[in-house]
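*Asks:* Quick one, what's the 3D model for this:
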Amino acid sequence: MQISEKSYEVRNLIGGSWENGNGRETEPVYDPATGKVIGETPLSTKEDVDRAVEAAKAAFPGWSSTPVIERARVFFRYKMLLEEHFEELRDLVTLENGKDAKDAGGEVRRGIEVVEFACGMPSLLMGESVRDVARGIDNVSHRFPLGVVAAITPFNFPCMVPLWTLPVAIAAGNAYILKPSERTPLSAIRLGELLAEAGLPEGVFNIVNGARDAVNGILEHPGIEAVSFVGSQPVAEHVYRHGAAHGKRVQALAGAKNSMIVMPDAVLEKAVPNIVSSAYGNAGERCLAGSVLVAVGDVADEVVGRIREAAAAMKVGPGYEEGSELTPVIRDSHRDKVRSYVDSAEEEGASVVLDGREPPREEGFFFGPTILDEVTGEMRVAREEIFGPVLSVVRVGSLKEAVDFTNGSPFGNACSIYTENGAAVRYWRENVEAGMLGVNVGVAAPMAFFPFNGIKDSFYGDLHATGKDGVRFFTENKVEIARFLSEPGTAEAVKRPTESGA
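*Replies:* So this is what the prediction gives:
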């Protein structure tokens, strides 16, 4: 993989025109593997949001009245362009986020799968009908786009998460504003360039870069009908409350504290590599990372020993170096935060089985693989999202204790179980409080045609992102009940109203 060290220009896209920062304050964009600044994100204002909304409003009537089959064809072309530029997009993700080529490529692939799903919009927008709900009366429903909608997306999946919503929202007939993470704006810009190349009319897709002011501008703007957000729990709650208070439809995907339950009958030679990948992939910076290992019974010593051996052998390095398995976290300030959690756990009595606090490389924002054993439910590392390459190990005596521990978390994003026992799986599935479940799968990510289904404090709203939930979120249902009063087959019935004197 070749990574360019050039400086990238970060611009807004409003009404089809790419705009520079025009002297606004900026936030640096880093290559996390080197710590070098590779761009500057302009911190847009509420006025910039307003201009983007006006451009989207102007584009909406023409786009929403475009036949859905023609809208879908834009995304067939877009899918082809994303495939043609797959490696370029993968490398951009690695550059600005730091993850390795395998994870970055997987991210781009999962985003493309949502585009494929959106290509089926003619079927997805089908309404429902019942004839003769009463004598001569039929009842039907139709789906309509909302108008101008927006998405606020995170740094950890700068390509995939924008693609969770923009294909669905736009193919459904909406005009769309994207506020990407100010830390990772480069992938979003390239996605916008390729959308224009696919033939999307100007103003239907807009990008407003920035931070707090841009976010609040979106949440408060009366011209935006719906907002989709992905990020940390405190910000998700703010987005949900603030957006709803301003009359918007909001879906806010929040934080996580995902358990991986290991039963005594788990096939460890296959489970351990999967657990390591879940805990340390993308440096632990993903909301589906398995961050707590719940070991049931006498399997604990063996599984911890195997995980320690595998994690200690991981190659720490830049995502663009072949063979790198543990890549950097997003910022030096975030590395300090992760380190503080390990310090806290040690002070509270956890055993540091593998210690990654000393930076394993001089350059960049690297944090070594870390394992904390003998963690209890009262410790911060058992309850709070760390978002780093730290695995906490909780030891319990039974599956019921493992489920009870998992359910004690305020989060409910995902949970995995490692077992070959069908009865154990059924008990766990019926009782665990998590929206995405993995059986011998450490990252329980649903396919594009299913919802990304977090619950509890991992999600604020009613309709989830992706799948049919995503279509429902970005559309409004109109229900029509109809009857015709004239008799069929008569001359009077086929006359125009003006001819019949009506």
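
*Asks:* End to end on stretch 258-274, go ahead and measure it.
*Replies:* 14 Å (CA to CA, to the nearest Å).

*Asks:* With stretch 379-396 instead?
*Replies:* End-to-end distance of stretch 379-396 (CA to CA): 15 Å.

*Asks:* likewise stretch 128-142?
*Replies:* Start and end residues of stretch 128-142 are separated by 7 Å (CA to CA).

*Asks:* do stretch 429-438 as well
*Replies:* The first and final residues of stretch 429-438 sit 10 Å from each other (CA to CA).

*Asks:* Mind pulling up the pLDDT for the residue nearest in space to the middle of the chain?
*Replies:* In the chain, the residue lying closest to the centroid (CA atoms, centre = their mean) is residue 161, at 4.1 Å. Looking at residue 161, its pLDDT stands at 98.

*Asks:* same deal with the one 5 residues further on?
*Replies:* Predicted confidence (pLDDT) for residue 166: 98.

*Asks:* next SSE after the helix or strand hosting it?
*Replies:* Residue 166 belongs to helix 160-171 when elements are defined using DSSP states H and E. Elements were assigned by DSSP H and E; along the chain past helix 160-171, the next helix or strand is strand 175-179.

*Asks:* how far does that following strand sit from the chain's center?
*Replies:* Relative to the chain's own centre, strand 175-179 is displaced by 15 Å; criterion: CA atoms, centre = their mean, to the nearest Å.

*Asks:* Partner strands of that strand, with direction?
*Replies:* Taking DSSP bridges as the criterion, strand 175-179 forms sheet pairs with strand 148-152 (parallel), strand 205-207 (parallel).

*Asks:* Identify all contacting residues around that strand.
*Replies:* Residues outside strand 175-179 that contact it (CB atoms under 8 Å, 6 or more residues apart in numbering) are 49, 52-53, 56-57, 59-60, 63, 147-153, 162, 165-166, 169-170, 188, 192, 203-210, 214-215, 218, 224. Every residue, glycine included, has its C-beta placed from N, CA and C.

*Asks:* please redo it, this time with the cut-off set to 7 Å
*Replies:* Around strand 175-179, the neighbours that count as contacts under CB atoms under 7 Å, 6 or more residues apart in numbering are 52-53, 56, 59-60, 63, 148-153, 162, 166, 169-170, 188, 203-208, 210, 214-215, 218.

*Asks:* swap in stretch 389-401?
*Replies:* Stretch 389-401 is contacted by residues 263, 279-280, 283-284, 291-297, 300, 304, 326, 338, 341-342, 356, 367, 369-373, 375, 381-382, 402, 405, 424, 427-428 when judged by CB under 7 Å, 6+ apart.

*Asks:* Could you list the buried residues of that stretch?
*Replies:* By neighbour count on 16 or more other CB atoms under 10 Å, the buried set for stretch 389-401 is 389, 390, 391, 392, 393, 394, 395, 396, 399, 401.

*Asks:* Report the beta-bridge partners for the residue nearest to residue 237 when sequence neighbours are not counted.
*Replies:* With CB to CB, 6 or more residues apart in numbering as the criterion, residue 237 has its nearest non-adjacent residue at 6.3 Å, and that residue is residue 460. Counting by DSSP bridges, residue 460 is bridged to residue 252.

*Asks:* all strands for the stretch 401-502 of the chain, in order.
*Replies:* Under the criterion DSSP state E, counting those that start in this stretch, the stretch 401-502 of the chain contains strands at 411-412, 414-418, 436-439, 455-456, 459-460, 475-482.

*Asks:* Next, format the ones you listed as TSV and append mean neighbour count.
*Replies:* Supplementary listing: those in TSV, determined by neighbours: other CB atoms under 10 Å:
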stretch	mean neighbour count
strand 411-412	26
strand 414-418	29
strand 436-439	20
strand 455-456	16
strand 459-460	24
strand 475-482	12
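
*Asks:* To residue 309, which of those lies closest?
*Replies:* Across these, the minimum distance to residue 309, taken as CB to CB, is reached by strand 414-418, at 17.3 Å.
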